[in-house]
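A.B. asks: sequence-free structure coming up:
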């Protein structure tokens, strides 16, 4: 596109004054974009999980027994109690912290019965003593079946105390002075509860119906694909849509192959999806995009889903329910979007390429600046897609939740970004990110499909989440 044509489009799409003001400023100085605010609109977004917390120790003085008289248990209780309450408030958790420690196994049992009766989403236990009933109380808590976070500061546990809980499903044990690990435990409880409460809109088929997703309880609301088509066709190309298109092109490194009208059409798909999300009170969205829109001239939701994920709204391609849940888990735990992709083995370099036509840009986090991106055609030489440039050398995690009909399994790996493969001259989807995975030597049979790539090395954290919520972790 010539600079003259680009200027004409910007001025026309955003209005004369808006287009001119955008042209005077470099894209990286535009702190606010024209897209406005968007966030999940369903029951999961407002849900505050109830969590019960307690301290455990024996009632008498520590004396010669560990943690010993050198340990100031009163100060530790005040410190950790304050930090626990603060963390719960910041995470949006309704915390009921027992004032007095659990001084006996009988008190622990009564506390757990109260938690069960109250349908508590999670339990948090701070261990201040390794003697007598302290660790038996932790074991009893895990046996309750309620997801349990156990924080044991250094001095309150030997390996002989913790060995019976190692790898135990439903438990997350933090034997450390690093209280951020306990906070992550609370975040995992919140994520699992929010996943159960959220409503995912599934635009596919011909029937509107509500049904829970087996194992997770996630509320699936199916909407006929024809509804999207009808709403798209009756939605005018408004000033808002033109301003969004202006902004989107202005921030791009290049606009290649795709036309300005392709961008407008893609942004219209976003507005339609946004309106449906709000009207149906959805927390996430997915679509049988190729089946529903492929035969039509309506724009595929490549731009739409990229933007949704950038804003913290889980948006999955191709009505893949495993990918739906993986998007949600990654966003809830790590506050950043993931890139859903088709896996391609690269045998010469010994790498895995993630290939798809919709990629978010705020890879460092929802409130972080976008990575550079260009706009180009979908691999079908139609519509507009976002091709985000991943940082070579950045650490990244791979996650893929596989729904088996029984106990789900999550494939987990971590590695390093080595390249952004150019498409063309290569074929396939236009975003092609290459990862060198830690400890993986064979890529021809790498498990799963539609895995998510996302920034950061969170292999261990995902395995911890799986253990807490009863998912089989397959760490590759």
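C.D. replies: Looks like it arrived, so ask away. Predicted, not measured: the structure shown is a model, and the values here were computed from it. Residues are numbered from 1 along each chain as shown.
A.B. asks: what residue ranges in this structure are flagged as low confidence?
C.D. replies: 1-32 (pLDDT under 70).
A.B. asks: Longest strand in it, please.
C.D. replies: In the chain, taking DSSP state E as the definition, the longest strand is strand 409-420.
A.B. asks: so what secondary structure elements neighbour it?
C.D. replies: Packing partners of strand 409-420 (3 or more C-beta pairs under 8 Å, 6 or more residues apart in numbering; DSSP states H and E): strand 351-356, strand 395-402, strand 431-437, helix 459-469, strand 472-475. From N, CA and C alone the C-beta is placed, and that goes for glycine too.
A.B. asks: List the buried residues for that strand?
C.D. replies: 409-420 (16 or more other C-beta atoms under 10 Å).
A.B. asks: quick one, what contacts residue 336?
C.D. replies: Each residue near residue 336 by C-beta atoms under 8 Å, 6 or more residues apart in numbering is listed here: 330, 362-366, 368, 454-456.
A.B. asks: now with 6 Å?
C.D. replies: 365, 454 (C-beta atoms under 6 Å, 6 or more residues apart in numbering).
A.B. asks: now do the one 3 residues further on
C.D. replies: Contacts here follow C-beta under 6 Å, 6+ apart; on that basis residue 339 touches 359, 453.
A.B. asks: what about it, distance to residue 441?
C.D. replies: 24 Å (C-beta to C-beta, to the nearest Å).
A.B. asks: ok so, going back, now find how far off-centre the longest strand of the chain is within its chain.
C.D. replies: 15 Å (C-alpha atoms, centre = their mean, to the nearest Å).
A.B. asks: same check, this time on stretch 382-395
C.D. replies: For stretch 382-395, the distance to the chain centre is 18 Å (C-alpha atoms, centre = their mean).
A.B. asks: so is residue 442 in a helix, a strand, or just coil?
C.D. replies: coil (DSSP: H, G, I helix; E, B strand; the rest coil).
A.B. asks: how near is it to residue 395?
C.D. replies: Distance from residue 442 to residue 395, by C-beta to C-beta: 21 Å.
A.B. asks: same deal with residue 124?
C.D. replies: 29 Å.
A.B. asks: More neighbours: which of those two?
C.D. replies: Ranked by neighbour count (other C-beta atoms under 10 Å), residue 124 and residue 395 place residue 124 first, with 26 against 16.
A.B. asks: and the angle for the host helix or strand of the more buried one with helix 459-469?
C.D. replies: In the assignment (DSSP states H and E), residue 124 maps to strand 122-127. Here the directions of strand 122-127 and helix 459-469 differ by 110 degrees (axes from the mean of the first three to the mean of the last three C-alpha atoms, to 10 degrees).
A.B. asks: which strands and helices sit next to strand 122-127?
C.D. replies: strand 50-56, helix 134-143, strand 148-152 (3 or more C-beta pairs under 6 Å, 6 or more residues apart in numbering; DSSP states H and E).
A.B. asks: Direction included, what does it pair against?
C.D. replies: In the sheet, strand 122-127 lines up against strand 50-56 (parallel), strand 148-152 (parallel) (DSSP bridges).
A.B. asks: Compute the inter-axis angle for that strand and helix 134-143.
C.D. replies: Using the same axes, to 10 degrees: strand 122-127 against helix 134-143 is 170 degrees.
A.B. asks: List of residues touching strand 122-127?
C.D. replies: 51-56, 80, 134, 138, 141, 146-152, 156, 189.
A.B. asks: same thing but 7 Å
C.D. replies: 49, 51-56, 80, 84, 115, 134, 138, 141, 146-152, 156-157, 185-186, 189 (C-beta atoms under 7 Å, 6 or more residues apart in numbering).
A.B. asks: Mind checking which of the residues you listed are buried?
C.D. replies: 49, 51-56, 80, 84, 115, 134, 138, 141, 146-152, 156-157, 185-186, 189.
A.B. asks: got the domain boundaries for this protein?
C.D. replies: 32-42+198-475, 48-196 (automatic domain parsing).
A.B. asks: Now the residue nearest to residue 144 when sequence neighbours are not counted: phi and psi?
C.D. replies: Nearest non-adjacent residue to residue 144, counting by C-beta to C-beta, 6 or more residues apart in numbering: residue 112, 4.9 Å away. Backbone torsions for residue 112, taken as degrees, to the nearest 10, come to phi -70, psi -40.
A.B. asks: And the one 4 residues further on, by the same measure?
C.D. replies: Taking degrees, to the nearest 10, you get phi -60, psi -40 for the backbone angles of residue 116.
A.B. asks: how many neighbours does it have?
C.D. replies: 11.
A.B. asks: How about the one 4 residues further on?
C.D. replies: Number of residues near residue 120 (other C-beta under 10 Å) recorded here: 21.
A.B. asks: if I read this right, it contacts residue 54, doesn't it?
C.D. replies: No - Residue 120 lies out of contact with residue 54 (C-beta atoms under 7 Å); the separation is 11.7 Å.
A.B. asks: that older thread, which of the domains of the chain sits most buried?
C.D. replies: Sort the domains of the chain by mean neighbour count, taking mean count of other C-beta atoms under 10 Å, and domain 32-42+198-475 sits at the top with a mean of 20.
A.B. asks: Residue 183: which element?
C.D. replies: Applying DSSP H and E, one finds residue 183 within helix 180-197.
A.B. asks: do the same with residue 447
C.D. replies: Per DSSP H and E, there is no helix or strand for residue 447.
A.B. asks: what do you get for residue 99?
C.D. replies: Going by DSSP H and E, residue 99 is not in any helix or strand.
A.B. asks: distance of it from residue 106?
C.D. replies: Distance from residue 99 to residue 106, by C-beta to C-beta: 18 Å.
A.B. asks: what's the answer for residue 177, then?
C.D. replies: 30 Å.
A.B. asks: who's in contact with the closest residue to residue 318 other than its chain neighbours?
C.D. replies: Spatial nearest neighbour of residue 318, excluding adjacent residues (C-beta to C-beta, 6+ apart): residue 289 at 6.1 Å. Shown in contact with residue 289 (C-beta under 7 Å, 6+ apart): 300-301, 317-318.
A.B. asks: what's the closest of the residues you listed to residue 279?
C.D. replies: Nearest to residue 279 among the contacts of residue 289, counting by C-beta to C-beta, is residue 301 at 16.6 Å.
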